[in-house]
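Trainee: Got a predicted structure here, sequence first:
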Amino acid sequence: MHRFPGEVKGDAAFHGRNSAIVRVSTRTANSPGRLAPSTRRPPVESNTATLGRRERILLAAVAALLALGLFLLRGGLSPAAPLDKLARQSLEPAVALSNGRPSVIEFYADWCEACQAMAPAMERVEGEHHGQLDVVLLNVDNPRWQPEVDRYDVNGIPQLEFFAADGTPVGRAIGARTQDELEALTTALISGSPLPAMAGVAETSVLKPAESTAMAGPRSHS
């Protein structure tokens, strides 16, 4: 096919213009002197994430307040009951009976209502005579004190055993006592006087081995 010279030139000119346009476009896009504007945006914290953290902090605070409230309702900060306080601060019986002070040993149980009712009066008496008198509490439900329960023939509680300063047993009281009765009993015990006569209170004496042998009869083992 033959082309006219004008057509060839026109065609070449057309292609030349296209090439020039392409080249110019390429230089404009890839020119080292120009930077194409960035379409990427810095990360923006979403409202959902912010609310999530706030909700977690709020829930943690509410949980802490609920735990504190439950602790307070269960008596975590309440003072110890008198019976528990006396039991925790009690000396060992062997120590109390050998330290040169008169002693009162009380046999009790946590479930004993009479023991709980008498505890505040016993606590006041112990506080008034602190350093002059030892108050020892032994829980009858604790197997550790079973030898003492057997030794002092504990059949009912509260039972109080009174001991002189040298550890000698001098009396026993069975049943709850008022503060006035406890005051009278402990005052006599500290002064070394006989225990006052009152219902449920009996004096005790130590049976010496020699007297026990002399008084033993043929039916002593029955």
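Mentor: Sure, I can see it.
Trainee: okay, CA-based contacts and neighbour counts for the rest of this
Mentor: OK.
Trainee: mind checking how far the residue nearest to Val201 when sequence neighbours are not counted is from Ile57?
Mentor: Nearest residue to Val201, sequence neighbours excluded (CA to CA, 6 or more residues apart in numbering): Ala173, at 4.3 Å. With distances defined as CA to CA, to the nearest Å, the gap from Ala173 to Ile57 amounts to 61 Å.
Trainee: before we move on, the earlier item: quick one: classify the residue nearest to Val201 as helix, strand or coil.
Mentor: Using DSSP: H, G, I helix; E, B strand; the rest coil, the structure places Ala173 in strand.
Trainee: ok now do Pro82, which residues does it touch?
Mentor: Residues counted as contacts of Pro82 (CA atoms under 8 Å, 6 or more residues apart in numbering) are Gln116, Ala119, Pro120, Glu123.
Trainee: farthest-separated two in those?
Mentor: Comparing all pairs in those by CA to CA, the longest separation belongs to Gln116 and Glu123, at 11.0 Å.
Trainee: Between the two, which has more neighbouring residues?
Mentor: Taking neighbours as other CA atoms under 10 Å, Gln116 and Glu123 compare with Gln116 leading, 20 against 16.
Trainee: Give the buried residues for the host helix or strand of Arg124.
Mentor: Secondary structure assignment for Arg124, by DSSP states H and E: helix 113-128. When burial is assessed from 16 or more other CA atoms under 10 Å, helix 113-128 yields the following buried residues: Cys115, Gln116, Met118, Ala119, Pro120, Ala121, Met122, Glu123, Val125, Glu126.
Trainee: Are there helices or strands packed against that helix, and which ones?
Mentor: The helices and strands touching helix 113-128, judged by 3 or more CA pairs under 8 Å, 6 or more residues apart in numbering; DSSP states H and E, are helix 82-88, helix 179-191.
Trainee: Give the next helix or strand downstream of that helix.
Mentor: The element immediately downstream of helix 113-128 (helix or strand, assigned by DSSP H and E) is strand 134-139.
Trainee: So for Phe107, what's the pLDDT?
Mentor: The predicted local confidence for Phe107 comes out at a pLDDT of 97.
Trainee: and the gap between it and Glu161?
Mentor: If you go by CA to CA, the gap between Phe107 and Glu161 works out to 8 Å.
Trainee: Neighbour count: those two, which is higher?
Mentor: Here Phe107 and Glu161 are compared on neighbour count by other CA under 10 Å; more neighbours surround Phe107, at 25 against 22.
Trainee: Please name every helix or strand in contact with the helix or strand hosting that one.
Mentor: Assignment of secondary structure by DSSP H and E places Phe107 within strand 103-108. Strand 103-108 sits against strand 134-139, strand 159-163, with contacts defined as 3+ CA pairs under 8 Å, 6+ apart.
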